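[1] With the input below, show me the fold.
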Amino acid sequence: MIAVVAYRPAHFDGVKALWEETFPDYASYNHAERAIPAKLSEQPELFFVAEEDGTVVGTIMAGYDGHRGWLYAVAVKATHRQRGIGAALVRTAEAALEARGCVKINLQVLETNAGVIGFYERLGYAVEPRVSMGKRC
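    I've put the predicted structure just below:
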């Protein structure tokens, strides 16, 4: 049975392994050793994992700045996809953001990742006419 629960330190190794499998080309600033401590210092209650028999099979991190919500690090173990785990993670994060007063949630997907774009479209998200910009600090 799959359960979506709040992240606990005991999940670290499982999350790290999942992210290495799911995001092999992640930039170093997104690696678990850096991203998880940063998340735990800001809104740790918006970090969830999906577990099956104590094993991490999915993750999602969310953030809320008082104006907009964001979804990050949505990952499901390859062997567990197409079972509703990703949707359950997204719905859990959405509910947590809505409980804080969030009225709009954003996320970013690589434009070449059609499968993930389709996943989010099935959950009610739509591609918006925006230019995503970033700057490393």
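
[2] right, and the helix or strand after the lengthiest strand in the chain?
    Determined from DSSP state E, the single longest strand within the chain is strand 55-64. Following strand 55-64 in sequence order, the next helix or strand is strand 69-76 (DSSP states H and E).

[3] could you point out which element follows that next one?
    That would be, after strand 69-76 and using DSSP H and E, helix 85-99.

[4] Go ahead and measure how far that next one is from the middle of the chain.
    Its chain's C-alpha centre and that of helix 85-99 lie 10 Å apart, by C-alpha atoms, centre = their mean, to the nearest Å.

[5] Same question for stretch 2-22.
    11 Å.

[6] Can you give me the buried ones in it?
    2, 4, 7, 11, 14, 15, 16, 18, 19, 22 (16 or more other C-beta atoms under 10 Å). All C-beta spots, glycine's among them, are computed from the backbone N, C-alpha and C.

[7] Check stretch 20-34 too.
    22, 32.

[8] And it, end to end?
    This stretch, stretch 20-34, spans 13 Å end to end (C-alpha to C-alpha, to the nearest Å).

[9] Render the CA-only coordinates of stretch 81-92 in PDB, please.
    What follows is stretch 81-92, C-alpha atoms only, in PDB (Å, rounded to 0.1, in the frame of the first residue of the first chain):
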ATOM      1  CA  ARG A  81       4.700   4.900 -12.400                       C
ATOM      2  CA  GLN A  82       1.200   4.800 -13.900                       C
ATOM      3  CA  ARG A  83      -0.200   3.800 -10.500                       C
ATOM      4  CA  GLY A  84      -1.500   7.200  -9.400                       C
ATOM      5  CA  ILE A  85       1.400   8.000  -7.100                       C
ATOM      6  CA  GLY A  86       2.400  11.200  -8.900                       C
ATOM      7  CA  ALA A  87      -1.200  12.400  -8.900                       C
ATOM      8  CA  ALA A  88      -1.500  11.600  -5.100                       C
ATOM      9  CA  LEU A  89       1.700  13.600  -4.400                       C
ATOM     10  CA  VAL A  90       0.500  16.600  -6.500                       C
ATOM     11  CA  ARG A  91      -2.900  16.500  -4.800                       C
ATOM     12  CA  THR A  92      -1.300  16.400  -1.400                       C
END
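
[10] Understood, closing this out.
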